[in-house]
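*Asks:* next come a sequence and a model predicted from it.
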Amino acid sequence: MRIAIVADHHGLALKARLITRLTAQGHEVDDRGAHADGMTVDYPPLCADVCGRVVDGRADRAIVVGGSGMGELIACNKIRGIRAGLCHDLFTTEISRAHNDANVIVIGAKVLGPELAEEIVDLWFNTRFKGGPHQQRLDQIALLERGEPLT
Ligand SMILES: O=C(CO)[C@H](O)[C@H](O)COP(=O)(O)O
């Protein structure tokens, strides 16, 4: 897969570790920043960058690493066409793909250790969307996103 990845200042070490792992697995990983320079950064532009790439097809999926990940989750889900999941355990990670067809995974580097983060990312990439009634619900979410009435 073509994966766009970003991290703020809290997620740089985890981002580097995930890039190494995903590249070794055969993915094409595009590191969109931030880059290790000791500066603090604002996460919304980073989220906008990778989410824009998912929406316009330059990336298949995106990974966003923050401190808690909560603000990143909010930012990503403001972008039309993005379904971002905050994944800090195996159950919600699997559901974010199987039920929600998440196209962005958000991780808090201050919440998870690196080994669990790797396990979560592997599970996220290896879980298929189930479709069926879940597709109907995603269609309803898309209506909400466009400000259209739910039918
Ligand atoms: O996870 C985050 C947002 O949800 C950020 O990493 C966090 O808010 C950064 O804060 P600070 O610059 O004070 O370290």
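*Replies:* Nice, thanks for sending it over.

*Asks:* CA only for contacts and neighbour counts going forward, please
*Replies:* Noted.

*Asks:* how about the helices in this structure?
*Replies:* 12-24, 43-56, 70-76, 90-98, 114-126, 133-145 (DSSP state H).

*Asks:* ok, now which ones touch residue 87?
*Replies:* Counting by Cα atoms under 8 Å, 6 or more residues apart in numbering, residue 87 makes contact with 93, 96, 105, 106, 107, 120.

*Asks:* report the two of those residues separated the most.
*Replies:* Maximum pairwise distance among the contacts of residue 87 (Cα to Cα): 12.7 Å, between 96 and 107.

*Asks:* and the two? Which one has more around it.
*Replies:* residue 107 (28 against 24; other Cα atoms under 10 Å).

*Asks:* and the pLDDT at that one?
*Replies:* With respect to pLDDT, residue 107 scores 98.

*Asks:* if I pick the residue lying closest to it once chain neighbours are set aside, what's in contact with it?
*Replies:* Distance criterion Cα to Cα, 6 or more residues apart in numbering; nearest residue to residue 107, sequence neighbours excluded, is residue 65 at 4.9 Å. For residue 65, the contact set (Cα under 8 Å, 6+ apart) comprises 6-8, 10-12, 14-15, 72, 106-109.

*Asks:* relative to the ligand, how far out is residue 65?
*Replies:* Relative to the ligand, residue 65 is positioned 8 Å away (Cα to the nearest ligand atom, to the nearest Å).

*Asks:* and the gap between that residue and residue 142?
*Replies:* Distance from residue 65 to residue 142, counting by Cα to Cα, to the nearest Å: 25 Å.

*Asks:* burial count for residue 98?
*Replies:* Counted with other Cα under 10 Å, residue 98 comes out at 17.

*Asks:* for residue 151, that is, sorry about that
*Replies:* 5.

*Asks:* how close does the nearest residue to it once chain neighbours are set aside sit to residue 117?
*Replies:* Distance criterion Cα to Cα, 6+ apart; nearest residue to residue 151, sequence neighbours excluded, is residue 140 at 8.0 Å. According to Cα to Cα, residue 140 and residue 117 sit 31 Å apart.

*Asks:* and the gap between residue 15 and the ligand?
*Replies:* Per Cα to the nearest ligand atom, residue 15 is found 13 Å from the ligand.

*Asks:* higher neighbour count, residue 140 and residue 117?
*Replies:* Set residue 140 next to residue 117 and count neighbours by other Cα under 10 Å: residue 117 wins out with 22 against 16.
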